[in-house]
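Student: Return a 3D structure for these sequence lines:
(chains A and B)
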Amino acid sequence: MCGTNIAKIVDVEEVAKFTSDLPNVALARTYKYMCSNPGQEMITQDIKDNKLNRIVVAACSPNMHEHTFRNALRSAGLNQYLLEMANIREQCSWVHHDPKEATEKAKGLVYAAILRVELHEELESVSVDMCPNVLVIGGGIAGMTAALEIADAGNMVHLVEKNDHLGGNLARVDLTAPYLYSARDLLTEKITRTNDNKKIHVYLQSKVTDLRGYIGNFKATIDSLNGEMTKKNKPVEVEIGNVVVCTGYKEFDASRIVHYGYGKLPNVITSFELEKMIRAGRIVTKEGKIPKYVAIIHCVGSRSQEFHTYCSRVCCMTALKYAHEIKSANPECYISDVYIDMHAFGKGHEDFYRSSSEAKTLFLMYEKGDRPVIHKASPKDDCEMLIEVNEKLSGELIEIPADMVVLMVGMEAREDSHEVARIVNISQDKDGWFIESHPKLEPVATTTDGVFIAGTCVAPKDIPDSVAQARAAAARILARIAKEKIEVDALYSEVNENLCSGCRLCNTLCPFSAIEFIEDKRQSHIISALCKGCGVCVAACPSSAIKGRHFTDQQVLAQVDGLFGIG
Amino acid sequence: MSTRVNPTFIDNLDPFGAEDVQLCYQCGDCSTVCPHADEVYKFPRKSMRFLQMGLDKKLETTLEPWLCYYCGQCSEQCPREADPGETMMSLRRWLISRYDFTGLAGQFFRSRTTEILAIIIVALMTGCFMLYYGFSGGSIHIYDGEGAFLPSQFIHKFDLSVGAILALFLILNAIHMWYLVMIKGTPFPVSWWYYVKEFYQLPWHFFTQKRYSECEKKREYSFYMPWLIHLGLMLGYVTMLILVMVFIERLQAGPEIQWQVHIFGYLASIGLITGTVYFIRSRFKKNYIQYKKSHGTDWVFVVLLFIIVVTGITQHIFHRTGLPELANITYIIHLMSVVPWLLRMPFSKWAHLIYRPLAMYFSGIRREALKHQEIVLNSNPVLIK
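Tutor: Sure, this is the predicted structure:
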């Protein structure tokens, strides 16, 4: 009944009565919350008392509670795959208004489930060994955090970094928002610990060129990028059980926005160029003068239809940080902050925003899509450039004086991200970010078991979020290593060797690269640990040689018959 | 045509008291609580925005600060403590200095030392002059009549000449205000008829302070206390000013009290003493948000007025109780505070006595003219570009 979720539309008593009259049904019951402990105990008890051999639960989506009810079957000593769920909540009570028709539909769904469950087979899950070594791709803050976490637990980590030093994008930053901690301090500790850790093997100027195998049993090839091929630079092959991808981001190319004159106007610079100046301790124009007016423009490349529609998340606070840094370096300087919306969502951010106002930063708002235009000022002006913009809060068309303009360039996916995605077999979204297996509940896992993603290669994020993701990925991997073996759901497909003609059609179609071709037998073979049971190969096989376990043709057809009231 | 923002302008406003305006992020809370905000809810935040952006050319032509009477609800409501009420107050101070073509007002608002020094110098000069005049022709033992230390005929002439100087500056500043508001700040034609039609606003708002009474909807009494006290103080002040300027000779004639004039003098004194005591006490106690922050000029205003009222009353008591020496001395102290007060009038907070009703008058004219302009434009769509 799911409280009133189902019972308010569907007449559950009538469905139960209808069900109990069906052939092969020994018992039909209703209960207020079947997923609750008493509900599950009731199922277990009924199985024992009535020697039941198949169970249908008409409730919510199997996504929600299949796991729960499988446990109930297991505790009664019944194979867990002899369960079928009829979804009369999401597919019925939540989407219909007419109780009468909804009840009829519920009956149909239950009948279909009964016909299907009759054909269910007892299945056993398989288990494979878990190699405790881990591959981490990317030596930024996320990569090093994950590597240290895993290595500190006593496991071998291969940390592969493309550059000749560790630290990633954070190594280009001076202070961090909003607490103004030094990025150098944050990094130095991590880099030293990474280099000193005997369990971490750091490969600088290297990249992963190949990854084969499946969860617990991968083989990765690490190639040196360091020019000449000496003996030392030969590709290395390592055995690993899990992978963490932390390849980071690259900054938006500001010259793509012609309005801003980046590359043409000498004192229009990017945020990273300003970081460089701040790190060098001298904020000056190209002519070597201390700027009187500095304008900071937000959302460069972000939140626009032409470039990236997403928010880069760190620029607002970084811009405020610049206001603080410039003002403390030169108190005579006037800072205009030209923004669309102030995204101050994180811990301490709102206070930081307020303190920037206290430091007399002039905040000027522009309409998304109505971008400011920078042009050179005339010689009689007391500034070098003028920024023309429709100021939204006052409704005035204004000119902002500036001697230096800082463009807050957004984050974008690295140009080689598709190559990484192909090698480790994960997907990318339209912007090139790697896709997590569930955006809310599985933020660091991917659709490839054993491959995790963390940090800014997933989406723009700040340091705390990147570190949290890296630690989350490490925790997931450590839990698996601790188990030593990995259990794989029995829902995988199998090739009937007697029927397979070796056409290899399925090999290329498999979205999980789970099908290998056995050369000497000239037949395809499905690696059960990699297979997710999606059924693409089953549908594609011209010889009908592949069977999807738990989704056999007979089972599916019986369910369809049931839905149409046949049989 | 785009307007140039001036990030440095905000620094100039600091000494006028607008220290917190940069905290404002234009959420509009102030406009939603303000009983004077209109439908479009731009009051008072529009002025705050112009101030943040340094649009001084727009600010000097606006009437908005004069339309605020500082009930302080906006400042209580402000989530960022940007203090819109105090910002409007600071803008009024700044506007007084803008209208003043001599630049003295700006000096006084910016530096308390300058202001107090100027007051002391004028006070000493007045004192010396009065002593010199008194000893050269009269006797310290006589207050009125033949041989008086400071004869009332002389004081009358002296008052009128001080009044003339005051009026001259005040009129010139008011003309400057008119020019900024009605010529520079009004981009459409204004017919002379609206000046006539709206003229009633001037005395109406001067004597009732109607708009002030509409401040703050939640209140302890059925009227708004600060408004009532302020009105009493202002009416007392104006009555006393008229008495001193016109009827001084009858006021000082003795020995019998001339009730036709004295009754007004006593009533005015009650209004003045109640008002000054109330405002000084409030500024000390900071019991209402509008009295939490006191600019130097606010203190000078109430304290100097209090001294004037107290010395005025005291010299009157001494005179009527037959103590002419004490009466003469107190009277000199009284004059030493009155003269700098009067001469300072056009360059100080005091000038709001004139600017506030003028602002109501001008805004009435502008509103009528705008209405007419819309009718013209609507009937001739060709004129709308």
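Student: shaky segments in chain A?
Tutor: Within chain A, the stretches with pLDDT under 70 are A:1, A:227-233, A:566-567.
Student: now swap in chain B and tell me
Tutor: Within chain B, the segments meeting pLDDT under 70 span B:39, B:216-221, B:254-255, B:381-385.
Student: can you map out the strands along it?
Tutor: Here chain B has its strands, by DSSP state E, at B:3-4.
Student: And whichever residue of the stretch 151-300 of chain A sits closest to chain B, its phi and psi?
Tutor: Proximity of the stretch 151-300 of chain A to chain B (CB to the nearest CB) peaks at A:Tyr293, 6.5 Å away. Any C-beta I mention is one placed from the backbone N, CA and C, and that applies to glycine too. Backbone torsions for A:Tyr293, taken as degrees, to the nearest 10, come to phi -120, psi 130.
Student: hang on, isn't it packed against B:Pro7?
Tutor: Yes: the pair A:Tyr293 and B:Pro7 passes the contact test of CB atoms under 8 Å, sitting 6.5 Å apart.
Student: got any residues that touch both of these two?
Tutor: A:334-336, A:400-401 (CB atoms under 8 Å, 6 or more residues apart in numbering or on different chains).
Student: Does A:Asp164 lie in a helix or a strand, and which?
Tutor: Using DSSP states H and E, A:Asp164 sits within no helix or strand.
Student: show me what contacts it?
Tutor: Neighbours of A:Asp164 in contact, by CB under 8 Å, 6+ apart: A:204-205.
Student: same deal with A:Arg279?
Tutor: Taking CB under 8 Å, 6+ apart, we find A:Arg279 in contact with A:Asp174.
Student: Which strand or helix spans it?
Tutor: Judged by DSSP H and E, A:Arg279 forms part of helix A:271-280.
Student: what residues does the stretch 201-350 of chain A put near chain B?
Tutor: Residues of the stretch 201-350 of chain A lying near chain B by CB under 8 Å from any CB of the partner chain: A:293, A:334-336, A:342.
Student: so which of these comes closest to A:Pro132?
Tutor: A:Met342 (46.0 Å; CB to CB).
Student: all strands of the stretch 451-567 of chain A, in order?
Tutor: Assigned by DSSP state E, counting those that start in this stretch, the strands in the stretch 451-567 of chain A fall at A:451-453, A:485-488, A:493-495, A:515-518, A:523-526, A:546-548.
Student: burial of residue 45, as a residue count?
Tutor: I went with chain A, as the question did not name one. Using other CB atoms under 10 Å in any protein chain shown, A:Gln45 has 12 neighbouring residues.
Student: wrong one, chain B
Tutor: 25.
Student: cool, B:Thr311 as well?
Tutor: 20.
Student: how near is it to B:Ile121?
Tutor: For B:Thr311, the distance to B:Ile121 equals 19 Å [CB to CB, to the nearest Å].
Student: now do B:Gln52
Tutor: With distances taken as CB to CB, B:Gln52 is found 38 Å from B:Ile121.
Student: ok, now A:Phe307?
Tutor: 66 Å.
Student: ok, now B:Tyr224?
Tutor: Taken as CB to CB, the span from B:Tyr224 to B:Ile121 is 39 Å.
Student: neighbour-wise, which of these two wins?
Tutor: Higher neighbour count among B:Tyr224 and B:Ile121: B:Tyr224, with 20 against 11, using other CB under 10 Å.
Student: residues in contact with B:Leu235?
Tutor: Contacts here follow CB under 8 Å, 6+ apart; on that basis B:Leu235 touches B:207, B:268, B:271.
Student: at 10 Å what do you get?
Tutor: The neighbours of B:Leu235, taking CB atoms under 10 Å, 6 or more residues apart in numbering or on different chains as the test, are B:206-209, B:267-268, B:271-272, B:275.
Student: Roughly how far does the one residue in chain A that gets nearest to chain B sit from A:Leu386?
Tutor: Proximity of chain A to chain B (CB to the nearest CB) peaks at A:Tyr334, 3.7 Å away. Separation of A:Tyr334 from A:Leu386 (CB to CB): 14 Å.
Student: Among these two, which residue is more densely surrounded?
Tutor: A:Tyr334 (28 against 22).
Student: Enumerate every residue touching the residue nearest to that one when sequence neighbours are not counted.
Tutor: Nearest non-adjacent residue to A:Tyr334, counting by CB to CB, 6 or more residues apart in numbering or on different chains: B:Pro7, 3.7 Å away. B:Pro7 makes contact with A:292-295, A:333-336, A:360-362, A:364, A:400-402, B:52-54, according to CB under 10 Å, 6+ apart.
Student: Of the residues you listed, which belong to helices?
Tutor: Counting by DSSP state H, the part of those found in helices is B:52-53.
Student: Mind naming the longest helix for chain A?
Tutor: helix A:463-483.
Student: Dump it to PDB, restricted to CA.
Tutor: Provided in PDB are the C-alpha atoms of helix A:463-483 (Å, rounded to 0.1, in the frame of the first residue of the first chain):
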ATOM      1  CA  ILE A 463      38.900  22.900  -3.700                       C
ATOM      2  CA  PRO A 464      36.800  21.500  -0.800                       C
ATOM      3  CA  ASP A 465      34.400  19.700  -3.200                       C
ATOM      4  CA  SER A 466      37.300  18.300  -5.200                       C
ATOM      5  CA  VAL A 467      39.000  17.000  -2.100                       C
ATOM      6  CA  ALA A 468      35.700  15.600  -0.800                       C
ATOM      7  CA  GLN A 469      35.200  13.700  -4.100                       C
ATOM      8  CA  ALA A 470      38.700  12.400  -4.100                       C
ATOM      9  CA  ARG A 471      38.300  11.100  -0.600                       C
ATOM     10  CA  ALA A 472      34.900   9.600  -1.500                       C
ATOM     11  CA  ALA A 473      36.400   7.700  -4.400                       C
ATOM     12  CA  ALA A 474      39.200   6.500  -2.200                       C
ATOM     13  CA  ALA A 475      36.700   5.300   0.400                       C
ATOM     14  CA  ARG A 476      34.800   3.400  -2.200                       C
ATOM     15  CA  ILE A 477      37.900   1.700  -3.400                       C
ATOM     16  CA  LEU A 478      39.300   1.000   0.000                       C
ATOM     17  CA  ALA A 479      36.000  -0.700   1.000                       C
ATOM     18  CA  ARG A 480      36.300  -3.000  -2.100                       C
ATOM     19  CA  ILE A 481      40.000  -3.700  -1.400                       C
ATOM     20  CA  ALA A 482      39.100  -4.700   2.100                       C
ATOM     21  CA  LYS A 483      36.600  -7.300   0.900                       C
END
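Student: No more questions from me, cheers.
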